[in-house]
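Peer 1: One predicted model, sequence on top.
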Amino acid sequence: MDDHVEYGKALRLIRRRRKYLFSVILLYIPAMWLIHSVSPALRTMLTAFVIWVVLLMATCLVAAVCKCPRCGNYFHVHGMTMLFLRKCLHCQLHINADRKP
């Protein structure tokens, strides 16, 4: 159980980066709705979409390069596959392992 306490700092970082990623994903619809209500021009909508895609790619990359504190591999990447699951794709360490009693 002491190992899980040591993983706390790294797992908090992984959870925080996942929150950023999912926040950017959830922000899309309200942001586009707001921008459309202010300026429904195609150019404005396209610019907002491109900015959102760039922001999504950046947060996706930042979330993907988090290393697992147990095995040292990328938490969400296995080979060419990037899956944002709740367990490490290599050693199956749960993202909330430091919170479990």
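Peer 2: Here it is on my side, so go on. Numbers count the residues shown, from 1 in each chain.
Peer 1: continuing past the helix or strand encompassing residue 37, what's the next helix or strand?
Peer 2: Applying DSSP states H and E as the criterion places residue 37 in helix 8-38. The helix or strand immediately downstream of helix 8-38 is helix 42-64, counting by DSSP H and E.
Peer 1: How many neighbouring residues does residue 44 have?
Peer 2: Neighbours of residue 44 under the rule other C-beta atoms under 10 Å: 13. In this view, the C-beta of every residue, glycine as well, is placed from N, C-alpha and C.
Peer 1: hang on, the earlier thing: list the buried ones in the helix holding residue 37?
Peer 2: By neighbour count with 16 or more other C-beta atoms under 10 Å, helix 8-38 contains the buried residues 10, 11, 14, 17, 18, 21, 24, 31, 35.
Peer 1: okay, and the helix or strand of this protein with the least pLDDT?
Peer 2: helix 2-6 (a mean of 67; mean pLDDT, DSSP states H and E).
Peer 1: Flag the shaky bits of this protein, pLDDT-wise.
Peer 2: Applying pLDDT under 70 to the chain picks out residues 1-4, 100-101.
Peer 1: show me the residues around the closest residue to residue 69 other than its chain neighbours that make contact.
Peer 2: Once flanking residues are discounted, residue 69 sits nearest to residue 10: 3.7 Å by C-beta to C-beta, 6 or more residues apart in numbering. Contact partners of residue 10, counting by C-beta atoms under 8 Å, 6 or more residues apart in numbering, are 66, 67, 68, 69.
Peer 1: how many neighbours does the closest residue to the second one other than its chain neighbours have?
Peer 2: Nearest residue to residue 67 in three dimensions, chain neighbours excluded: residue 74, at 6.1 Å (C-beta to C-beta, 6+ apart). Residue neighbour count, defined by other C-beta under 10 Å, stands at 16 for residue 74.
Peer 1: Residue 74 touches residue 62, doesn't it?
Peer 2: No: contact criterion C-beta atoms under 8 Å: residue 74 and residue 62 do not qualify, at 12.0 Å.
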